[in-house]
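K.L.:
sequence first, then the predicted structure, then my questions.
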Amino acid sequence: MSFIDYLNVGIRFAGLSQVLLLLIHLVMSKNPRRVKVVGTLFLMGVSMYLVMPMLDRYTPHNSNIQALWFFAAIVPSMLLLMVWFIFEEKCRLPWWLFSLISVSVLGSVYYSLIGVGLPGSPLWLQGLKIIIAGLVLVVVWRGRDYDLVETRVKIRNIFVVIMALQTLVTVIVENMTHFSPPVVLDTILVGDLLICLFAFNYLFLRHNPEGRLMEIIELPKKHETTDPVLVELLQRMRAERLYADHDLRVGSLATELNVPEYKLRQKINQELGYRNFNQFVNRYRIEEAGEKLRTDERIPVLTIALDVGFRSISSFNTAFQGHFGVSPTKYRSEILSNS
């Protein structure tokens, strides 16, 4: 073995130690069970990505061992599920996204378990993994303006994007080199992965020595506060109907109130109990919509939805159903029938 080979093996073992530490953090956290299960599968996949090349190079070929590549093959899918469960809380997985993940996982099962001995995965399956890795970036990026949970914002901005990019680059490089990258390039890739794992573990230990940084506490939602910034915010939300603006953002409110954006996010989350900015704003929108539905049956539901600040009837129906437990149309009909 050359020096670069020893370096490659050393980095892989160091990466495995970081994966184990991450797994301990995940198990200790109070995340929902689905996050822990998917996260564990993701970390198992990362472990196999680190271990399998060493087994391939330095041990005799064994078809049973080769089947373990399955866990590495589903890393993009598990990463997508994990970020969806963490960042898109209480949102159902769209059918098309579920279909993409299912096809990718089933394809990985066939080519890693049933199809052992076949010459690698087909191009369409590798392309699907690249698409899934790209969707991870979309899910993480699109909700950044509305997230109020400080822990989740840090994970969003630092770790997940880096890991998604790492996964995306790895899949592309493996396809360009037909799953046999030169040892130098392979060492660079696993070195980048080691840095990502070490950085995230460092954030865990620095911000919370108990290893519970991913714990996302559900705080009770409040409608009153003594904080002067929030008192002004709540008064202006109602008096000026700020919530009716389709493009309302935390940043624009922070500018109006002359406070740093991160401070306003922290106050709305920790003082008022809201985890997502849309949850906070939609409360005002739904309350006004409910009043209009009760008092004037002539106004179309779509008109009410747009007037209170929703962009579409579908988002209005989802938010209204979540608040009142019935659709806007049924809510109006029940009110009228009881009057």
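P.N.:
Received it, and whenever you're ready, just let me know what you need.
K.L.:
who's in contact with the spatially most central residue of the chain?
P.N.:
Nearest to the mean C-alpha position of the chain, by C-alpha atoms, centre = their mean, lies residue 83 at 2.4 Å. Neighbouring residues of residue 83 by C-beta atoms under 8 Å, 6 or more residues apart in numbering: 136, 139-140, 160, 164. From N, CA and C alone the C-beta is placed, and that goes for glycine too.
K.L.:
do residue 177 as well
P.N.:
Residues near residue 177 by C-beta under 8 Å, 6+ apart: residue 185.
K.L.:
hmm, back to that, out of the contacts of residue 83, which sit inside helices?
P.N.:
Under the assignment DSSP state H, the contacts of residue 83 contribute 136, 139-140, 164 to helices.
K.L.:
now the two most distant members of those.
P.N.:
Across the ones in helices among the contacts of residue 83, the longest distance by C-beta to C-beta is 8.9 Å; it joins 139 and 164.
K.L.:
neighbour count winner among those two?
P.N.:
When residue 139 and residue 164 are compared for neighbours, residue 164 comes out ahead with 24 against 19, by other C-beta atoms under 10 Å.
K.L.:
quick check: that one touching residue 137?
P.N.:
Yes: if you go by C-beta atoms under 8 Å, residue 164 and residue 137 touch, sitting 5.0 Å apart.
K.L.:
now the contacts of residue 83 as CSV including distance to residue 276 and pLDDT?
P.N.:
Converted to CSV, the contacts of residue 83 look like this (distance: C-beta to C-beta, whole Å; pLDDT from 0 to 100):
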residue, distance to residue 276, pLDDT
136, 19, 87
139, 14, 87
140, 15, 85
160, 17, 68
164, 21, 72
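K.L.:
can I get those residues in TSV including distance to residue 309?
P.N.:
Output for the contacts of residue 83, formatted as TSV (distance: C-beta to C-beta, whole Å):
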residue	distance to residue 309
136	30
139	24
140	25
160	29
164	31
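K.L.:
from those, which single one is nearest residue 304?
P.N.:
Using C-beta to C-beta, those come closest to residue 304 at residue 139, 30.3 Å.
K.L.:
quick one: secondary structure of the closest residue to the closest one other than its chain neighbours?
P.N.:
For residue 139, ignoring the flanking residues on the chain, the nearest one in space by C-beta to C-beta, 6 or more residues apart in numbering is residue 83 at 5.2 Å. Recorded secondary structure, residue 83: helix (DSSP: H, G, I helix; E, B strand; the rest coil).
K.L.:
kindly report the same for residue 303.
P.N.:
helix.
K.L.:
list the contacts for it?
P.N.:
No residues are in contact with residue 303 under the rule C-beta under 8 Å, 6+ apart.
K.L.:
cool, residue 27 as well?
P.N.:
Applying C-beta under 8 Å, 6+ apart, we find residue 27 in contact with 36, 40.
K.L.:
and it, how close does it get to residue 69?
P.N.:
Remark: distance between residue 27 and residue 69 (C-beta to C-beta, to the nearest Å) = 25 Å.
K.L.:
for stretch 304-320, give the mean pLDDT please.
P.N.:
Stretch 304-320 carries an average pLDDT of 91.
K.L.:
for that stretch, how far is the first residue from the last?
P.N.:
End-to-end distance for stretch 304-320, by C-alpha to C-alpha, to the nearest Å: 12 Å.
K.L.:
tell me the domain ranges of the protein?
P.N.:
The record's domain parsing of the chain by automatic domain parsing lists 3-207, 228-338.
K.L.:
quick one: closest of the ones you listed to residue 221.
P.N.:
Residue 221 lies closest, by C-beta to C-beta, to one member of these: domain 228-338, at 4.2 Å.
K.L.:
measure how buried residue 302 is and give me the count.
P.N.:
A count of nearby residues for residue 302, using other C-beta under 10 Å, gives 13.
K.L.:
immediately after the lowest-mean-pLDDT helix or strand in the chain, which helix or strand?
P.N.:
Least confident helix or strand of the chain, by mean pLDDT, DSSP states H and E, is helix 63-66 with a mean of 62. Using DSSP states H and E, the helix or strand that follows helix 63-66 towards the C-terminus is helix 69-73.
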